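S.K.: sequence below, structure please.
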Amino acid sequence: MAFDLESLAEATSGAFGALVSTSILYPLDTCKTKYQAEVKAHHQQKYRSTSAVLWEAIANGQVLSLYQGLGTKNLQAFISQFIYFYGYSFFKKLYLEKTGNKSIGTKANLIVGVAAGACTVIITQPLDTAASRMQTSEFGMSKGLWKMLSESSWSEAFDALDISLLLTTNPSIQYTSFDQLKQRLLKRQLREKTATDSSPQSLSAFSAFVLGAVAKCIATFVTYPAIRCKVTIQAADSDDTDETKEAESKRKKTVIGAIYSIWKREGLLGFYKGIEAQILKTVLSSALLLMIKEKISKATWVLLLALRSRDGEGKINFQAY
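M.R.: Got it, this is the predicted structure:
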């Protein structure tokens, strides 16, 4: 079976885009994750804001600790984006071939996205869990990937898998919100359009960017309680040997336990603790990833075509057996 070069080009460019965007925004991601992972009553909290994590690292001369787990996170981001973009492109082409349609509808597009996301999550969840534990470890106390995985059981490596699968609906909410906002804006433009203007209705680049950012914010807001619970479950274990606190820490490793702990200690607003940093990081990450992906996508496609042309000369073999 020959490799699908179009899907391979999409996957490669998407993976490299994720690698660069993850590296650039990693300190923000670490600050956000450490802040999200702390589940305590307001007067007991070590961090009062995401920026407090940054100032602690600066004050203690441990700025480089903001990068602890970067290698694992980059590996997870590269693999997950490669699988996602390849799976999305592959499932999309498969759908078009089976149905005979020339284009894919909104609902089918969302289903394809969720299917690609589910495949990605199942494969990369251990790396995601390890990266979260590295980020939430005390500064300078993070363990390496191999030690982190070897000390965990098989089930612990897949902590919060159910929530991760649920969060694959995030793009569905984003695209649905974008489509609704787009239709409303186009209808308003149509009402303001003069009778002599026959140009087709379309969004400007700026309008598309703004609506995309707003749609992503809506999706993040809707799914944020699940994101907060996921970080809480995946967070590094406390070094406290007190049996009561140790038992509570184990209880937080379940979905019900995480929900109960957040509700008991922080109340309803606790489920949205750190949402500002999450939205900032998510919007910037998406923008950077897509920008970088578009920049290198054409070059990747040209390179793969060149390699395929050499296949005909017997130098490169793109056949998988």
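S.K.: make it CA atoms for all contacts and neighbour counts henceforth
M.R.: Will do.
S.K.: helices of the stretch 1-150 of the chain, residue ranges please.
M.R.: Along the stretch 1-150 of the chain, counting by DSSP state H, counting those that start in this stretch, helices occupy 5-37, 50-59, 70-99, 106-136, 145-150.
S.K.: which secondary structure elements does the longest one contact?
M.R.: Just to be clear, that refers to helix 5-37. Secondary-structure packing of helix 5-37 (3 or more C-alpha pairs under 8 Å, 6 or more residues apart in numbering; DSSP states H and E): helix 50-59, helix 70-99, helix 106-136, helix 205-234, helix 275-311.
S.K.: returning to what we had before: how about JSON lines for the helices of the stretch 1-150 of the chain, with distance to residue 185 and mean pLDDT added?
M.R.: As requested, those are exported to JSON lines (distance: least, C-alpha to C-alpha, whole Å; pLDDT from 0 to 100):
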{"stretch": "helix 5-37", "distance to residue 185": "30", "mean pLDDT": "85"}
{"stretch": "helix 50-59", "distance to residue 185": "35", "mean pLDDT": "94"}
{"stretch": "helix 70-99", "distance to residue 185": "28", "mean pLDDT": "88"}
{"stretch": "helix 106-136", "distance to residue 185": "18", "mean pLDDT": "89"}
{"stretch": "helix 145-150", "distance to residue 185": "48", "mean pLDDT": "80"}
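S.K.: could you dump those helices into a markdown table with mean neighbour count and distance to residue 163 added?
M.R.: Output for those, formatted as a markdown table (neighbours: other C-alpha atoms under 10 Å; distance: least, C-alpha to C-alpha, whole Å):
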| stretch | mean neighbour count | distance to residue 163 |
| --- | --- | --- |
| helix 5-37 | 23 | 15 |
| helix 50-59 | 16 | 23 |
| helix 70-99 | 20 | 16 |
| helix 106-136 | 22 | 10 |
| helix 145-150 | 14 | 20 |
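S.K.: in a markdown table, list the ones you listed along with distance to residue 279.
M.R.: Formatted as a markdown table, those follow (distance: least, C-alpha to C-alpha, whole Å):
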| stretch | distance to residue 279 |
| --- | --- |
| helix 5-37 | 10 |
| helix 50-59 | 12 |
| helix 70-99 | 18 |
| helix 106-136 | 18 |
| helix 145-150 | 28 |
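S.K.: since that was my last question, I'll sign off now.
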